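Participant: this one's structure only:
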């Protein structure tokens, strides 16, 4: 699931022309936020 989410986030970042050198950090931030949100629901 994590790999699939990572691909989805990267596609969205590319679609909206997010700077490529900052994409990795943005993907990690989104994954951390998703995990925190998931813990709240679980």
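Facilitator: In hand now; what should we look at? Note that the coordinates shown come from a computational prediction; the quantities given were computed from them, not determined experimentally. Numbering: from 1, shown residues only.
Participant: Identify all contacting residues around the longest helix along the chain.
Facilitator: With secondary structure taken from DSSP state H, the chain has its longest helix at helix 23-41. Residues outside helix 23-41 that contact it (C-beta atoms under 8 Å, 6 or more residues apart in numbering): 2, 5, 6, 9, 10, 13, 14, 18. No exception for glycine: its C-beta is placed from N, CA and C like everyone else's.
Participant: and if we set it to 10 Å?
Facilitator: The contact list for helix 23-41 (C-beta atoms under 10 Å, 6 or more residues apart in numbering) reads 1-2, 5-10, 12-14, 18-19.
Participant: got the buried residues for it?
Facilitator: Judged by neighbour count (16 or more other C-beta atoms under 10 Å), helix 23-41 contains these buried residues: 27, 30.
Participant: Rounded mean pLDDT for that helix, please.
Facilitator: For helix 23-41, mean pLDDT is 93.
Participant: do you know how far residue 41 is from residue 34?
Facilitator: Between residue 41 and residue 34 the computed distance is 11 Å (C-beta to C-beta, to the nearest Å).
Participant: picking up where we left off before, roughly how far is the longest helix of the chain from the heart of the chain?
Facilitator: Centroid separation between helix 23-41 and its chain, computed with C-alpha atoms, centre = their mean, to the nearest Å, is 6 Å.
Participant: again, but for stretch 35-42
Facilitator: Between the centre of stretch 35-42 and the centre of its chain there are 15 Å (C-alpha atoms, centre = their mean).
Participant: try stretch 20-34
Facilitator: 5 Å.
Participant: Begin at 27 from now on, thanks
Facilitator: Yes, from this point I'll number from 27; that puts the last item at stretch 46-60.
Participant: SS state for residue 43?
Facilitator: Here residue 43 is coil, with the state taken from DSSP: H, G, I helix; E, B strand; the rest coil.
Participant: for the one 4 residues further on, same thing?
Facilitator: Following three-state DSSP, residue 47 is assigned to helix.
Participant: Any idea how many residues pack against it?
Facilitator: 7 (other C-beta atoms under 10 Å).
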